[in-house]
Structure formats: C-alpha cells, structure tokens
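Chemist: predicted coordinates and the sequence they were generated for:
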Amino acid sequence: MSLWDLIVRRNGGDGAGSRRAVVIGSSQAVRHARRVLRGAHEAGRIVGAVLTQRQHRIGAIGLRVLGTIDELDLVLRAHRIDVAYVSIPIAMHKLAGRITARLEELGVAVRRMPTLGDQLDGRIGCPAGSIDTHVLLDRGPHRLDEPAITRTLQHKRVLITGAGGSIGSHIARIVAQFQPEKILLMDRSENGLFEIDRRLGTEARQIDRAVLLADVTDAQRTMDIVRLHRPHVIFHAAAHKHVPMMQDHPREAMINNFFGTRSIADAADACGAERFVMISTDKAVNPTSVMGATKRCAELYVQDLARRSDTFCSMVRFGNVLGSACSVVPIWSQQLSEGGPITITDPRMTRFFMTIPEAAALVIQSTSLDENTGQVFVLDMGEPVRIVDMAERFVKLHGLEPGRDVEIATIGMRPGEKLYEELAYDSEDMLPTSHESVRIVRTRPPEVSHVRWMGQTFEALRHCDDRDQIIAALQRAVPQMRRDEPSEVPIARIQTPAALSRSA
C-alpha cells in the first residue's frame, strides 16, 4: 500500500478528486494526455496545462493554458498544484529531468505519461528523474498490520529525530495516519523541518505537531525537549550516513552517530518513554567503514541500555534506500539528464535495497512486534542486487539501451566501501517474527565494561582531530571492523575494556 493510499483511506475517502493537477508538454502531447485522463477520477481535477513552448492558439488544446515551463514555479504556486502529469518525448529526457527535479523540489507529485509518438515508436520509458523506485526494484509494497500499529501509536506522543531527512520525514507522514496525540519533529536542518511541517500541514492538518530545531548531539537540549514533551514513542533517525565522506570525518561520525544516539536514548530512559527505536544499517555488520563502525557502537550502547531500562528499546537494520539523498537513483537521474554516462563503482558489487516507503513503513511495523527489549530487527529486502544490473534496468526503464544510448562507466570503489553487505554477524541468529517482512536477530548483549570503556574513550576523543587515533578506537570498540589502510596509531595507546576494569 502506498503512503498516498494510506493517507486517503485513513482520512475517510478516496480524496483523489480533490487534488489539483496540470499537464506539462507540447500542445500535441497535452491534447493526447487530456484524452487519456478524461473521466479518470483518480487523475484529480486538471486545472490546465503548462506548455514546453509558447503557442499561437491558446486554448486549442482543450485545456486552459496556465503558462510555459519558464513560468513553472509561478504557475504551480498560483494554482496550488498537487500533481503534474509530465508528457515529454524520451528524446528530450534532459528537459524532462530538469522539469521533474524542479517539481519534486516544490513538493509536487509527478506522474509520467508517454507521448503518442513514443507509444507508436514503442519507446514508452520514463523521463529522467521520474523513476518509481518500486518499479526499479520490481516488487510491490509490503503488507502492514494496521491494527497492531494503531495500538502502538494511536493517542501517543511520537518524537522523530532526523525528521527532516528522507526516512525520518516519511516515518512522520505514516505516523500521522494513525491518530497520534502529537508528532514532535526534531532536526538540526531548518530546511528539512520546514518541508516536513509544511507537508504534514497539508496531509494531516488535524494532527497536533511541534517543530523542534535542535541538535540531538546536544545532550542537555535533548533531555530538556524530552522532559518537556514526554513522548511515548521515539524514532531515532538522525545520523551521518555518507560512507566515503565519513571516512574523512570520523570525529563527526562518532559525535553524531554514537553520542547522538546516547543522548536521545538516555533521555528516553530518564523520562520514561514507552518505546525507543534506533534506525541502524547493514553496514554495522563486519564494518569496513567509519560510518558502519559508529552505527555498530550505537547499537551496542542501546543494547546495554535496554537491560537496565524500563523503556522498550530496539534497533532496525536495513540496506541502501533508493531515492534518498545521495543514493544512486537521484545521482543516476542527474547523470542521465546530462546525457550520461551512468556511473557504478564495481560491476561485482551487490547491495540490499529498499524504497523509502518500504523502510519507513517496516520500521514502524517493528515497533508493534511483541519481542524482548534490546533486540535488533532486520527488514526483508529480498535478495542482494548487483549494482550493474540495477543500472541497466534504470536505463531501460527510460526507454534507452545501455551501451548504445547511455554508457555505464565503472569508476572504482570509494573509501570505506565493500563489495557486499551482510545482515547479521556469524554469532547472531536471524529468526522470523509474527510479521513476514521483519526478522529478529538474536544476539548476546555486550559486556558492561566494554560499553563503559567505549563511552569514556570516545568522550576523551570528542575534541580530537587525529583521524587515525579515532579510527583505532573504533577498531578496538568493534573488533570485526576491517580497514584497508593500516592505522598509524599503536593499538596499545587505546585502553582495553579489561584494563579499564582493573583501573576502576
């Protein structure tokens, strides 16, 4: 079920007819699109057309001409447009990509419509930048156990950190459909907060919400927020996720991913939250990257907290999220709009993939499962996919031929990356749960002395600019961490948990 379907159904109607729509294309394309859409209630109310070029005979296309693409922003705002039907020939995919990107920036839903010419030529792919990620993965949406989610979220105050990000914002939008008492949107990005608040104001205006411009790594500010609002459920989505960038900035990764998690988890515990959910990653398993290692350290802290807290704590691991910022889909879309090439790192590389709606929905679903506290959940992402196969499918879905119309170029692996990801450590058992799309990882909690050492060591390095010393500490904290480049810091300089226990 799509988020739009969920929003519509839980607000008591089909809702589609109230959406204001435009058709974008040449006069001939608009005429054809109008004939196709005529009488389709789900198309919304089509208020007019935006033409790709100025026409001599305004109105001859059967729709009111609202302007040209040069006036796109003005038209969309003036007419409060919700949906745009883009009908531009595949041969003009660069133009289509620019238009689609701007529509998405303005929060307008994009629907693709092949032109009559492309249909007759058998080229009915999608304009650049408008790929439906569910189509790219070739699988449908997961089933949600809505009654169970309702019992968890209805009439509850729900706090989401990283609420302005790709996953956090979608979690907020889904939570809003289950009648929470209040949604608390927390992020340090003012732009991200503005956008999700604006969107909720349209989709769920009846739900009370608070916008909290705050950095989760500020422990006192975080504690003050949680004490003031007393959330029942906390989704912790704030994190640094960019693998190559974090290789060069390990201190920032440690501060945001470890200390940010410790800050909000401690606040949840101190203020008696019912549930705390940390969003983790498959890169936390046998990590080769700083990002993965810091997320693993955060997992260990939450597991340790869970055994001494009345708050139900859990973690959710999943893989790459298609369509999120800096993921392959927006990068490939931009590359395609510029004429190519589409770049991949290594043709042997595989990844587990999810769409943003899949990940957000199943994270929420995991909160309703009756399992023991301190457990790690793993979402069903299907089989790992070769990046090169996905790149070829992406090109073909645009009606183009890989190698002939668009080159696929190999650029090599970047720092911190590995050829394949894993979902669990060898010492962990992965078992089914009551929901077919969520599995549970049975794992032993960490030694208390190790978690204590980890926190004290990282605290001592919080203001350290020595990259190698921080990475050496991460390697000690996560012994399974593999690193291609040898550390120049003698490992003896980092105190072991046993040594810390002896000195206590």
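Modeler: Okay, I see it.

Chemist: quick check: residue 277 is in a strand.
Modeler: Yes. Checked against DSSP: H, G, I helix; E, B strand; the rest coil, residue 277 lies within a strand.

Chemist: could I get the full set of strands for the stretch 401-504 of the chain?
Modeler: 408-410, 429-432, 438-442 (DSSP state E, counting those that start in this stretch).

Chemist: so which of those gets nearest residue 82?
Modeler: Closest to residue 82 of the strands of the stretch 401-504 of the chain is strand 438-442 (C-beta to C-beta; 32.5 Å). (C-beta placed from N, C-alpha, C; glycine too.)

Chemist: who's in contact with that closest one?
Modeler: By C-beta atoms under 8 Å, 6 or more residues apart in numbering, the residues outside strand 438-442 that reach it are 317, 362, 365-366, 369, 371, 375-380, 423-424, 428-433.

Chemist: could you flag which of those residues are buried?
Modeler: 317, 362, 365-366, 369, 371, 375-380, 423-424, 428, 433 (16 or more other C-beta atoms under 10 Å).

Chemist: distance of residue 350 from residue 389?
Modeler: Plainly put, residue 350 is 9 Å away from residue 389 if you go by C-beta to C-beta, to the nearest Å.

Chemist: re earlier: could the strands of the stretch 401-504 of the chain go into CSV alongside mean pLDDT and distance to residue 36?
Modeler: Shown next, in CSV, are those (pLDDT from 0 to 100; distance: least, C-beta to C-beta, whole Å):
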stretch, mean pLDDT, distance to residue 36
strand 408-410, 94, 33
strand 429-432, 90, 44
strand 438-442, 92, 39
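
Chemist: who wins for proximity to residue 174 among those strands?
Modeler: It's strand 438-442; of those, that one is closest to residue 174 (C-beta to C-beta) at 15.1 Å.

Chemist: in that closest one, which residues are buried?
Modeler: By neighbour count on 16+ other C-beta under 10 Å, the buried set for strand 438-442 is 438-441.

Chemist: count of neighbours near the nearest residue to residue 223 once chain neighbours are set aside?
Modeler: Distances taken as C-beta to C-beta, 6 or more residues apart in numbering place residue 267 nearest to residue 223, at 4.7 Å, with adjacent residues excluded. For residue 267, the neighbour count with other C-beta atoms under 10 Å is 25.

Chemist: hang on, the earlier thing: okay, the strands of the stretch 401-504 of the chain in CSV with distance to residue 169 next?
Modeler: Formatted as CSV, the strands of the stretch 401-504 of the chain follow (distance: least, C-beta to C-beta, whole Å):
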stretch, distance to residue 169
strand 408-410, 31
strand 429-432, 29
strand 438-442, 21
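
Chemist: output stretch 102-121 as CSV, nothing but the C-alphas.
Modeler: This file holds the C-alpha atoms of stretch 102-121, laid out as CSV (Å, rounded to 0.1, in the frame of the first residue of the first chain):
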residue,chain,number,x,y,z
ARG,A,102,12.0,21.1,-10.0
LEU,A,103,8.6,19.6,-9.4
GLU,A,104,10.0,17.4,-6.7
GLU,A,105,11.8,20.3,-5.1
LEU,A,106,8.5,22.1,-4.9
GLY,A,107,6.7,19.1,-3.4
VAL,A,108,4.5,18.4,-6.4
ALA,A,109,3.8,14.7,-7.2
VAL,A,110,5.0,13.6,-10.6
ARG,A,111,3.1,11.3,-12.9
ARG,A,112,4.7,10.2,-16.2
MET,A,113,2.7,9.9,-19.4
PRO,A,114,4.3,8.7,-22.6
THR,A,115,3.7,10.9,-25.7
LEU,A,116,1.7,9.5,-28.6
GLY,A,117,4.9,9.5,-30.7
ASP,A,118,6.8,7.4,-28.2
GLN,A,119,3.9,5.0,-27.9
LEU,A,120,3.8,4.5,-31.7
ASP,A,121,7.6,4.0,-31.7
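
Chemist: now that stretch, how far from the chain's geometric center?
Modeler: 23 Å (C-alpha atoms, centre = their mean, to the nearest Å).

Chemist: average pLDDT across it?
Modeler: Mean per-residue pLDDT for stretch 102-121: 75.

Chemist: okay, buried residues for it please.
Modeler: Neighbour counts using 16+ other C-beta under 10 Å place 102-104, 108, 110-116, 118 of stretch 102-121 among the buried residues.

Chemist: thinking again about what came up before, hmm, which of the buried ones among the contacts of strand 438-442 is lowest in pLDDT?
Modeler: Among the buried ones among the contacts of strand 438-442, residue 371 has the weakest pLDDT, 80.

Chemist: report the contact partners of that residue.
Modeler: 314, 377, 433, 440.

Chemist: closest one to residue 85 out of those, please.
Modeler: Distance to residue 85, by C-beta to C-beta, is smallest for residue 377 among these, at 38.6 Å.

Chemist: in a strand, that closest one, correct?
Modeler: Yes. Using three-state DSSP, the secondary structure at residue 377 is a strand.

Chemist: ok, now how distant is it from residue 444?
Modeler: 17 Å.

Chemist: which residue packs closest to residue 154, ignoring adjacent ones?
Modeler: Using C-beta to C-beta, 6+ apart and skipping the chain neighbours, the partner closest in space to residue 154 is residue 179 (4.9 Å).

Chemist: for this protein, which residues score under the pLDDT cut-off?
Modeler: Along the chain, segments meeting pLDDT under 70 span 1-18, 39-43, 54-60, 90-91, 93, 116-135, 139-141, 325, 483-504.

Chemist: and it, what are its domains?
Modeler: With domains defined by automatic domain parsing, the chain comprises 3-130, 146-442.

Chemist: and the stretch of helix or strand residue 266 belongs to, C-alpha only, in CSV?
Modeler: Assigning secondary structure by DSSP states H and E places residue 266 in helix 260-270. Extracted C-alpha coordinates of helix 260-270, given in CSV (Å, rounded to 0.1, in the frame of the first residue of the first chain):
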residue,chain,number,x,y,z
GLY,A,260,23.6,11.5,19.3
THR,A,261,22.2,8.0,19.9
ARG,A,262,23.4,8.0,23.5
SER,A,263,21.9,11.4,24.1
ILE,A,264,18.4,10.6,22.9
ALA,A,265,18.4,7.0,24.3
ASP,A,266,19.4,8.3,27.7
ALA,A,267,16.6,10.9,27.6
ALA,A,268,14.1,8.3,26.6
ASP,A,269,15.2,6.2,29.6
ALA,A,270,15.2,9.1,32.0
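
Chemist: picking that back up, pick the most deeply packed of the domains of the chain.
Modeler: Stretch with highest mean neighbour count among the domains of the chain: domain 146-442 (a mean of 20; mean count of other C-beta atoms under 10 Å).
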